[in-house]
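**Student:** Next come a sequence and a model predicted from it.
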Amino acid sequence: MNKDKTPENKDGQPHGLWESYYLSGKPHYKGNYINSKEDGPWERYNSNGQLMYKGKYINGNHDGYWEYYYDNGQLYSKEYYI
């Protein structure tokens with residue numbers, strides 16, 4: 001399971017840098033919320049600490065290039081979102 005650090009705004013919505021960690025202490029997710037919507041760079045890691053994907057959100061929507069990786073760290077796919 002995970003340990004989360006989720007800051008909130010005055011309305012109790014996720015707001016600010018959000019980090020989630022595996023019980024091992026390795027990162028699971030890292031990203032930013034603005035009033036409960038993803039905004040800015042995001043990354044997700046597998047339980048071994050290997051990057052699974054990274055990209056950017058604007059106002060809760062994918063924006064620009066997202067990169068997806070195999071478990072061995074090699075690039076699997078690069079997609080562009082508008």
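**Tutor:** The structure has been received and is ready for your questions.
**Student:** For residue 73, the count of nearby residues, please.
**Tutor:** Per other Cβ atoms under 10 Å, the neighbour tally for residue 73 reads 10. Quick note: C-beta positions are derived from backbone N, CA and C, even for glycine.
**Student:** surely it meets residue 48?
**Tutor:** No - between residue 73 and residue 48 there is no contact under Cβ atoms under 8 Å: 10.0 Å.
**Student:** Model confidence for residue 2, exactly?
**Tutor:** On the pLDDT scale, residue 2 is placed at 55.
**Student:** Likewise for the one 5 residues further on?
**Tutor:** Reading off the confidence values, residue 7 has pLDDT 79.
**Student:** Low-confidence regions, this structure specifically.
**Tutor:** For the chain, the stretches flagged by pLDDT under 70 are 1-6.
**Student:** Now do the strands in it.
**Tutor:** Along the chain, counting by DSSP state E, strands occupy 2-5, 16-22, 27-34, 37-38, 40-45, 51-58, 61-69, 75-81.
**Student:** Take the ones you listed and write them to CSV, including mean neighbour count.
**Tutor:** Formatted as CSV, the strands of the chain follow (neighbours: other Cβ atoms under 10 Å):
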stretch, mean neighbour count
strand 2-5, 12
strand 16-22, 15
strand 27-34, 18
strand 37-38, 18
strand 40-45, 16
strand 51-58, 17
strand 61-69, 15
strand 75-81, 11
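**Student:** give me every residue that touches the nearest residue to residue 49 once chain neighbours are set aside.
**Tutor:** Taking Cβ to Cβ, 6 or more residues apart in numbering, and ignoring the residues beside it in sequence, residue 49 has residue 26 as its nearest neighbour in space, at 4.3 Å. Contact criterion Cβ atoms under 8 Å, 6 or more residues apart in numbering gives 45, 47-49 as the residues in contact with residue 26.
**Student:** Sounds good, over and out.
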